[in-house]
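Chemist: Build me a model:
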Amino acid sequence: MSEEQARSAEVVRKLAVAKEKKDVGDVAFKAGDVKNALRSYHEALMYLKGIDKQALSPVTAMTGSVVDGAAAAKPKTEADEMLEKIYSNMCACHLKQNNWKRAVETADKAISQNENNYKALFRKAKALGELGFFEKAEKILRTCYRRTQQEREKVHNQKFKGAFYHFGRA
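Modeler: Numbers count the residues shown, from 1 in each chain. Model (predicted):
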């Protein structure tokens, strides 16, 4: 086995363990065990932080990770997608514990992975509101509303794009 193959195998192993830890955290959160959920999410982060970044490109291709249209400028790896979800889930845990400052911090980390993560944006707004930063919270909520309206219009226009062409030919 070459050195590159060994690095790729190690990355695949770490991604699998991180996903397993994240899944354990998801189950704990759904069961109301926020403390163990946070612990599992933190453990998953430790595995993801230890991944060889240069070996991620081949791994993404091997695992068939999907890149969404919003991230076309910077391709997202499977690790990036998992980091985004873990940080957003950690934010939810901190909200449950009324730990508003940590909720804002983890929401910011999720948003840094994907600025269109509406769950993280909403959770950040909730935490900011609880901290008394009502104007900041309102601004975030208005931004979310505007973006979702624009996305709905775009989807709506794409659905009916071809329909009007057919009516014009009749």
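Chemist: Could you use CA atoms for every contact and neighbour count after this?
Modeler: Will do.
Chemist: my guess is residue 48 contacts residue 12, does it?
Modeler: No - applying C-alpha atoms under 8 Å, one finds residue 48 not in contact with residue 12, separated by 10.6 Å.
Chemist: Show me which of these two is the more surrounded one.
Modeler: When residue 48 and residue 12 are compared for neighbours, residue 48 comes out ahead with 23 against 19, by other C-alpha atoms under 10 Å.
Chemist: what's next to the helix or strand that contains that one, contact-wise?
Modeler: Residue 48 is part of helix 34-49 when elements are defined by DSSP states H and E. Identification of contacts with helix 34-49 by C-alpha atoms under 8 Å, 6 or more residues apart in numbering yields 14-15, 17-22, 24-29, 79, 83, 86, 89-90, 93, 96-97.
Chemist: Buried among those? Make that a PyMOL selection.
Modeler: The buried residues among the contacts of helix 34-49 can be selected in PyMOL (16 or more other C-alpha atoms under 10 Å) with this line:
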select buried, resi 14+15+17+18+19+21+22+24+25+26+28+29+79+83+86+89+90+93
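Chemist: Just the ones of the contacts of helix 34-49 in strands?
Modeler: For the contacts of helix 34-49, membership in strands holds for none, with DSSP state E as the criterion.
Chemist: still on that earlier bit, can you give the distance of the helix holding residue 48 from its chain's centre?
Modeler: Put simply, helix 34-49 sits 15 Å off its chain's centre (C-alpha atoms, centre = their mean, to the nearest Å).
Chemist: Ok, stretch 19-35 next?
Modeler: Counting by C-alpha atoms, centre = their mean, stretch 19-35 is centred 16 Å from the centre of its parent chain.
Chemist: so what's residue 104 up against?
Modeler: Contacts were defined as C-alpha under 8 Å, 6+ apart; by that measure residue 104 touches 91, 123, 124, 127, 128.
Chemist: gap between it and residue 92?
Modeler: Applying C-alpha to C-alpha, to the nearest Å, the value for residue 104 to residue 92 is 10 Å.
Chemist: what's the answer for residue 144, then?
Modeler: With the distance defined as C-alpha to C-alpha, residue 144 ends up 18 Å from residue 92.
Chemist: Between these two, point out the one with more neighbours.
Modeler: In this view residue 144 and residue 92 are compared by other C-alpha under 10 Å, and residue 92 has more residues nearby, 24 against 18.
Chemist: Run a quick check on that one versus residue 103, I expect a contact.
Modeler: Yes - in this structure residue 92 lies within contact range of residue 103 using C-alpha under 8 Å: 7.1 Å.
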